[in-house]
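A.B. asks: How does the following fold in three dimensions:
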Amino acid sequence: MNIHQELDRFNQSYIDALDEILTDETNILESEIFSKLKQPPYQLIKPFAQDNQFLLFQQHFILYNALYKLRDIWFNQNKAHIEIGLARVSISKQITNSEALTKLDTLRSYYLNWDNLLNTDEAQVETLLDNFWQQISIKPLVDKSDVEKAFVILEINSDANANEIKQAYKGLCLKHHPDRGGDQTKITEINWAWSILKP
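C.D. replies: Residues are numbered from 1 along each chain as shown. Presented below is the predicted three-dimensional model:
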């Protein structure tokens with residue numbers, strides 16, 4: 001059994017626990033989930049210093065791996081939809097189409113790849129956190145529907161990387177610029193989409 005299979009087997013206990021915990025919830029914070037997982041009957045998380053950012057990252061990653069797997073399971077069972085946000089999880093009635101799961105989800109891909117856990121060291125965690133807080137302080141939180149609309153306007157998939165977003169923006173600016181016979185309304189829309197998606 002390789003390390004990925006061992007992690008999958010270990011994380012099944014998280015999935016089982018979350019299946020019970022989230023069944024009666026509609027909205028729950030990540031910290032509340034951690035609190036429940038530390039207590040009986042689960043006791044899946046041993047106490048550790050909350051200022052240990054590396055251990056917090058590992059626990060967060062393991063939890064989100066289980067959340068994304070459970071989201072897929074519940075979707076296939078037509079049970080409910082799990083909306084996985086920043087430090088918060090919301091449960092809603094089953095969505096009517098598969099859009100939420102069939103569209104490429106970069107966070108889902110990230111958390112379902114155990115290599116992203118195994119290959120991240122303490123220095124990288126510090127960098128990730130620094131980048132996160134820098135983004136939060138510079139850029140206000142954006143509504144999910146605005147993000148989806150921005151991808152449509154720039155005519156790219158939601159899994160596009162920073163370079164692809166930039167290239168799409170530049171290409172559309174050239175195509176629709178008023179100096180080249182384009183429409184000012186369209187260029188305003190393109191600039192708005194760029195303001196939402198720019199790295």
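A.B. asks: What segments of the chain are strands?
C.D. replies: Along the chain, counting by DSSP state E, strands occupy 27-29, 81-84, 88-92.
A.B. asks: Show residues contacting the shortest one.
C.D. replies: Read that as strand 27-29. 21-22, 87-91 (CB atoms under 8 Å, 6 or more residues apart in numbering). All C-beta spots, glycine's among them, are computed from the backbone N, C-alpha and C.
A.B. asks: ok, which stretches of this protein are helices?
C.D. replies: Per DSSP state H, the chain carries helices over the ranges 3-23, 30-38, 53-77, 99-102, 106-111, 115-118, 122-138, 144-153, 162-176, 184-197.
A.B. asks: before we move on, back to that, the strands of the chain into a markdown table, with extra columns for mean neighbour count and distance to Arg71?
C.D. replies: Formatted as a markdown table, those follow (neighbours: other CB atoms under 10 Å; distance: least, CB to CB, whole Å):
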| stretch | mean neighbour count | distance to Arg71 |
| --- | --- | --- |
| strand 27-29 | 13 | 14 |
| strand 81-84 | 18 | 4 |
| strand 88-92 | 16 | 9 |
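A.B. asks: As CSV, those strands with mean pLDDT and distance to Thr120 would be great.
C.D. replies: Shown next, in CSV, are the strands of the chain (pLDDT from 0 to 100; distance: least, CB to CB, whole Å):
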stretch, mean pLDDT, distance to Thr120
strand 27-29, 88, 24
strand 81-84, 88, 19
strand 88-92, 88, 22
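A.B. asks: closest one to Lys149 among those strands?
C.D. replies: strand 81-84 (17.7 Å; CB to CB).
A.B. asks: Which residue ranges make up each domain of the protein?
C.D. replies: Following automatic domain parsing, the chain resolves into domains at 3-138, 144-197.
A.B. asks: The shortest one: end-to-end distance?
C.D. replies: Using CA to CA, to the nearest Å, the span of domain 144-197 from its first residue to its last is 11 Å.
A.B. asks: if I read this right, Ser13 contacts Leu44, doesn't it?
C.D. replies: Yes - in this structure, Ser13 is within contact of Leu44 by CB atoms under 8 Å, at 6.0 Å.
A.B. asks: Who has more neighbours out of those two?
C.D. replies: Leu44 (20 against 13; other CB atoms under 10 Å).
A.B. asks: which phi and psi does the more buried one have?
C.D. replies: Main-chain torsions, Leu44, degrees, to the nearest 10: phi -90, psi -20.
A.B. asks: so what's it closest to, chain neighbours aside?
C.D. replies: With sequence-adjacent residues excluded and distances taken as CB to CB, 6 or more residues apart in numbering, Leu44 is closest to Leu37, at 4.7 Å.
A.B. asks: which residues sit in contact with the one you found?
C.D. replies: Leu37 neighbours (CB under 8 Å, 6+ apart): 14, 17, 21, 43-45, 63.
A.B. asks: Any chance of a PyMOL selection covering the buried ones in these?
C.D. replies: Applying 16 or more other CB atoms under 10 Å to the contacts of Leu37, the buried members can be selected in PyMOL as follows:
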select buried, resi 14+17+21+44+45+63
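A.B. asks: I'd like the contacts of Leu37 written out as TSV, with pLDDT and distance to Asn27 added.
C.D. replies: Putting those into TSV (pLDDT from 0 to 100; distance: CB to CB, whole Å) gives the following:
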residue	pLDDT	distance to Asn27
Tyr14	96	20
Ala17	96	18
Ile21	95	13
Gln43	92	24
Leu44	91	22
Ile45	86	21
Leu63	94	16
